[in-house]
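Novice: Make a model of this:
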Amino acid sequence: MPTRHLIWDWNGTLLDDLELCLEIINGMLRERALPAITRSSYLEIFDFPVQNYYQAIGFDFSREPFEKVSDQFIQAYEKGRPGCQLMDGSREILAQMASLGISQSILSASRASYLVKAVAEYGIEGFFTSVHGLDNHHAAGKLDLARAFLKTCQLDPAAMLLVGDTTHDGEIARALGVPCILIPRGHHSRRRLEETGFQVVSSLADLPGLIP
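Specialist: All right, here's what the predicted structure looks like:
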């Protein structure tokens, strides 16, 4: 079935923020005298809900609440995020899809208010019919958000395509019955993405030839 709507993930898919996330989390680990995490380890460990990921790298929530750790991270992230760039080719492919009459939206585990602000600051809000985020910044996951979106969009899931950078994006696509393409330029390794069974491509530049 021809693609009529693209659902984009944000962090690590359209926004290149991996290095910022690594910098912040390692700073937080150092504050707590915990071992730093390497880029390759991060790509294998990071996951949703992020509370489990924090525990996996050493945070002890019996000593400090998860919410405090999450607040510290997001405050540093929002301060540093304006220094991040969009992924190479993002604007071009968004424009190309729009020119083909394919509508587009963003579905993210980020806080909605932060997400809308960021998309506007990068000047790409005009490409999207809607931008969907959570009502908090604790990144538990976005399945409920995705299901709610699907009920309102009135499109056959088979006519949609989800593009993301994590196995969670693959889980969302499978739960919704939506085709999916994953790109290992963000927060999960190629190995993990390939294990989802969905198609994995090297970069955004590979997408146009794969969209029916």
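Novice: Check the chain for its longest strand and report it.
Specialist: For the chain, the strand with the greatest residue count under DSSP state E is strand 103-111.
Novice: now what about that one, what contacts it?
Specialist: Residues from elsewhere that reach strand 103-111 (C-beta atoms under 8 Å, 6 or more residues apart in numbering): 4-11, 14, 48, 74, 94, 97-98, 115, 118-119, 127-137, 139-142, 145-146, 149, 153, 162, 168, 172. C-beta: built from backbone N, CA, C; applies to glycine.
Novice: Check stretch 144-156 too.
Specialist: Identification of contacts with stretch 144-156 by C-beta under 8 Å, 6+ apart yields 1, 4-5, 7, 105, 107, 109, 130, 132-134, 157, 160, 172, 175-176, 178.
Novice: Run the angle between the lowest-mean-pLDDT helix or strand in the chain and strand 103-111 for me.
Specialist: When each helix and strand of the chain is scored by mean pLDDT, DSSP states H and E, helix 143-153 comes last, with a mean of 86. Here helix 143-153 points in a direction 150 degrees away from that of strand 103-111 (axes from the mean of the first three to the mean of the last three C-alpha atoms, to 10 degrees).
Novice: What is the very next helix or strand once past helix 143-153 packed up against?
Specialist: Remark: after helix 143-153, the chain's next helix or strand is strand 160-164, criterion DSSP states H and E. Strand 160-164 sits against strand 5-8, helix 167-176, strand 180-182, with contacts defined as 3 or more C-beta pairs under 8 Å, 6 or more residues apart in numbering; DSSP states H and E.
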